[in-house]
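> got a structure for you, letters missing:
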């Protein structure tokens, strides 16, 4: 009897915060709902329209929300009239001759395989005519092309699992502000605004929000705090599956400069249901404009005395 009660308690606890939200198909009504959330505030003259690439390839974990995020970003950007949008799953877009035409690159949940955590290597190794050294060299060149492109003054947007794309590369980690470490089970997260008055978070109207997601934890360049935080979570409110870190604050969205370029990262969200929140949708739009160089704001790195106790 006692064992049965313990099992039931564990089952209820598990179900209360660990289950993924249900997957659903993309429908026209869902797309229409997202489009209605975005105010069409054209900011750029036709001659200043930005060329934007949505890159949606994954070679590792397949986030079911990849096509949903792709469609949502297309709707958000096209409705403004300020972006020309292309979509690709072909790594050849990172060749020098191709990448140069994009003002903004959106990396959409591009999880790489666990073997090397290098998406370019994952793809190129499938070419059986290349020696291992050639594969490594070509993969490294594609990554360098991306880093140089952003550093020269272009924009990069990373959504959720995109941070895993080149997860073992310290250069990539430096560019994007960190590397993925782990996440506990999905659960309800109380998301807070680091600076409620910051222009990037204006859509939230000064208030945090409750969100069901994977609480991402980061490593490598993350602990340099070479970014301007936007959203964070308190760890004392997170149900952990590992030992609890000593620091109580984990940032889950930020912006940063990389050379002359601009980077926007948002860990929210693993689930397409997040697009039901118009404030989050318009937060993504702000991030896209920032990456495009069309939203002026403080993107200076965080100072130690700004860290929240």
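Sure, I can see it. This is a predicted model, so every value here is computed, not measured.

> Strands of this protein, start to end?
50-55, 83-88, 104-108, 155-159, 179-182, 187-193, 209-213, 217-219, 228-234, 249-258, 261-266 (DSSP state E).

> which other helices and strands contact the first one?
Yep, that's strand 50-55 we're talking about. The contact analysis (3 or more CB pairs under 8 Å, 6 or more residues apart in numbering; DSSP states H and E) places strand 50-55 against helix 66-80, strand 83-88, strand 104-108. C-beta: built from backbone N, CA, C; applies to glycine.

> Can I get the ones you listed in a markdown table including distance to residue 159?
Converted to a markdown table, these look like this (distance: least, CB to CB, whole Å):
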| stretch | distance to residue 159 |
| --- | --- |
| helix 66-80 | 6 |
| strand 83-88 | 14 |
| strand 104-108 | 6 |
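
> Packed most tightly, which of the ones you listed would that be?
Compared across the helices and strands packed on strand 50-55, strand 104-108 shows the largest average neighbour count, a mean of 26 (mean count of other CB atoms under 10 Å).

> Residues touching it, excluding its own?
With CB atoms under 8 Å, 6 or more residues apart in numbering as the test, strand 104-108 has contacts from 50-56, 66, 69-70, 73, 83, 99, 146, 149-150, 154-159, 162, 165, 288, 291-292.

> Tell me where the model's unsure across the stretch 151-300 of the chain.
The stretch 151-300 of the chain contains residues with pLDDT under 70 at 241, 244-245.

> Nearest to the middle of the protein, which residue? Look it up for me.
residue 159 (1.9 Å; CA atoms, centre = their mean).

> Among the strands of the chain, which comes closest to residue 44?
Closest to residue 44 of those, according to CB to CB: strand 50-55, at 7.2 Å.

> Tell me which strands the closest one pairs with, and in which orientation.
Take DSSP bridges as the rule and strand 50-55 pairs in its sheet with strand 83-88 (parallel), strand 104-108 (parallel).

> Relative to residue 126, which of the ones you listed is closest?
Proximity to residue 126 (CB to CB) singles out strand 83-88 among the strands paired with strand 50-55, at 17.1 Å.

> Contacts made by the closest one with the rest, please.
With CB under 8 Å, 6+ apart as the criterion, strand 83-88 contacts 49-57, 70, 73-74, 77-78, 102, 104, 288, 292.

> what's the average pLDDT for that strand?
Taken as a whole, strand 83-88 has an average pLDDT of 97.

> quick check, distance from that strand to the centre of its chain.
Distance of strand 83-88 from its chain centroid, counting by CA atoms, centre = their mean, to the nearest Å, is 17 Å.

> cool, stretch 203-210 as well?
Remark: stretch 203-210 is offset 19 Å from the chain centroid, using CA atoms, centre = their mean.

> Can you give me the buried ones in that stretch?
203-204, 208-209 (16 or more other CB atoms under 10 Å).

> Quick check: the two most widely separated of the residues you listed?
203 and 208, at 12.3 Å, using CB to CB across the buried residues of stretch 203-210.

> Grab the longest helix from the chain for me.
helix 132-151 (DSSP state H).

> Show me what it is packed up against.
helix 96-99, strand 104-108, helix 119-124, helix 170-176, strand 249-258, strand 261-266.

> That helix to strand 261-266, inter-axis angle?
100 degrees (axes from the mean of the first three to the mean of the last three CA atoms, to 10 degrees).

> Which among the helices and strands packed on helix 132-151 is found nearest to residue 214?
For residue 214, the closest of the helices and strands packed on helix 132-151 is strand 249-258, at 10.0 Å, according to CB to CB.

> Parallel or antiparallel, list what pairs with that closest one.
Strand pairing for strand 249-258, using DSSP bridges, gives strand 228-234 (antiparallel), strand 261-266 (antiparallel).

> so can I have a markdown table of the ones you listed showing distance to residue 217 and mean neighbour count?
Output for the strands paired with strand 249-258, formatted as a markdown table (distance: least, CB to CB, whole Å; neighbours: other CB atoms under 10 Å):
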| stretch | distance to residue 217 | mean neighbour count |
| --- | --- | --- |
| strand 228-234 | 10 | 22 |
| strand 261-266 | 14 | 24 |
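
> okay if I get those as TSV plus distance to residue 190?
Converted to TSV, these look like this (distance: least, CB to CB, whole Å):
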stretch	distance to residue 190
strand 228-234	7
strand 261-266	16
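
> closest one to residue 43 among the ones you listed?
The nearest among those, by CB to CB, is strand 261-266 at 15.6 Å.

> Now do the closest one against strand 155-159, angle only.
Using the same axes, to 10 degrees: strand 261-266 against strand 155-159 is 10 degrees.

> which residues touch strand 261-266?
By CB under 8 Å, 6+ apart, strand 261-266 touches 149-160, 162-163, 175-178, 200, 227, 230-231, 252-257, 283-284, 287-288, 290-291, 293, 299.

> how far does that strand sit from the chain's center?
9 Å.

> next one: stretch 261-273
3 Å.
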